[in-house]
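**Q** structure for the following, please:
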Amino acid sequence: MGWFKKTLAKVGVGSAGVGIALPSGDTKQGSEIDVVLTVTGGEVAQQVNAISLSLQCDFMGWEQVRSQGEQGRKQQRRRKTCALHQWSLPDAFTINAGEERVFHTAFILPQTTPLSLGDGKVWLEARLDIPLAKDASGKVDLAVKPDDTLDTVLDTFEQTDFRITSVKNEEVERQPLPFSQILTLEPVAGDLSSRFREVTLTVMRQSGQCELQLVFKPQGEGIGAMVGRLTGSGNIKRTLMLDTAATAESISLQVSDLLSAVSQ
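**A** This is a model prediction of the structure:
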């Protein structure tokens, strides 16, 4: 029976497990996140060499596909995964059958972590490194909130009668991360609603700064407007660099001034 249980544990049946809890509940960009890990022993004692943790998110990208005998290249859209932050608890230990052990750790949620909006997900995954056996893992989803700077930006847009209509994590090239989060906002009232049908907002992070890349897409009807939408020829592009140490009033004023200038 002992041999049979050990054999099952090697393929993950009746082996140790790990659970994750975030007691603080504060998942704002740039905040410190406390993590509690609970390791529970299976049906046999097992050696755990380390506990590895990875903060991950998903995004939409492209991959090359080619069927057997097919000529040329073909691309298809698929969901990809990006590791935003990784670390480990390297101390080895033995978890006995039925035993429960609790471990505490913490990490800083990167400023570049995408918001939990749209269909993109952010999660924390923990994995037990168990020699000669299937590694056990567990994960928990995070509801990521904007930091104070971005929160002020989005609040200013809302006060100017903009509403978020879609949020996408899209693959990009030559960026620190393999994707960018793109927020689409529509003006529902005011001067901007008569000039623009929507604006896309992409946030880039640098040391102590938050760069807003905005593309205003004009209203219009007819063939000319349709061609402009396809080619982007009528779009107005603006960039705004914000100091994250600035007050909320200063940040809101800079965003309001940019919107006012574009509406003229």
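**Q** and for residue 219, nearest residue in space, chain neighbours not counted?
**A** Spatial nearest neighbour of residue 219, chain neighbours left out: residue 197 (5.0 Å); criterion: C-beta to C-beta, 6 or more residues apart in numbering. Bear in mind the C-beta positions are built from the backbone N, C-alpha and C, glycine included.
**Q** surely the one you found is in a strand?
**A** Yes. Per DSSP: H, G, I helix; E, B strand; the rest coil, residue 197 lies within a strand segment.
**Q** neighbours of it, how many?
**A** 15 (other C-beta atoms under 10 Å).
**Q** got the contact list for it?
**A** By C-beta atoms under 8 Å, 6 or more residues apart in numbering, the contact set of residue 197 is 186, 217-219.
**Q** buried subset of those residues, written for PyMOL?
**A** Restricted to buried positions by 16 or more other C-beta atoms under 10 Å, the PyMOL selection for these reads:
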select buried, resi 186+217
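**Q** redo the contacts of residue 197 as TSV? Include secondary structure, pLDDT and distance to residue 19.
**A** Formatted as TSV, the contacts of residue 197 follow (DSSP: H, G, I helix; E, B strand; the rest coil; pLDDT from 0 to 100; distance: C-beta to C-beta, whole Å):
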residue	secondary structure	pLDDT	distance to residue 19
186	strand	96	41
217	strand	93	46
218	strand	91	51
219	coil	79	52
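**Q** nearest to residue 175, out of the contacts of residue 197: which one, please.
**A** residue 217 (22.2 Å; C-beta to C-beta).
**Q** beta partners of that closest one?
**A** Under DSSP bridges, the beta-bridge partners of residue 217 are residue 198.
**Q** same question for residue 126.
**A** Here residue 126 sits in beta bridges with residue 53, residue 138, going by DSSP bridges.
**Q** residues touching it, list them.
**A** Residue 126 touches 18, 20, 37, 51-53, 137-139, counting by C-beta under 8 Å, 6+ apart.
**Q** farthest pair in the contacts of residue 197?
**A** Greatest spatial distance among the contacts of residue 197 (C-beta to C-beta): 186 and 218, at 12.9 Å.
**Q** how far away is the residue nearest to residue 219 from residue 83?
**A** From residue 197 across to residue 83, the span is 36 Å (C-beta to C-beta, to the nearest Å).
**Q** do residue 247 as well
**A** Distance check for residue 247 against residue 83: by C-beta to C-beta, it reads 34 Å.
**Q** how about residue 250?
**A** As judged by C-beta to C-beta, residue 250 and residue 83 stand 35 Å apart.
**Q** which helix or strand contains residue 249?
**A** Using DSSP states H and E, residue 249 sits within helix 248-263.
**Q** show residues contacting that helix.
**A** 148-149, 152-153, 155-157, 160, 190-192, 195-196, 212, 214, 216, 236, 238, 240, 242.
**Q** what comes up buried for that helix?
**A** 251-252, 254-255, 258-259, 262-263.
**Q** right, I'll call it a day here.
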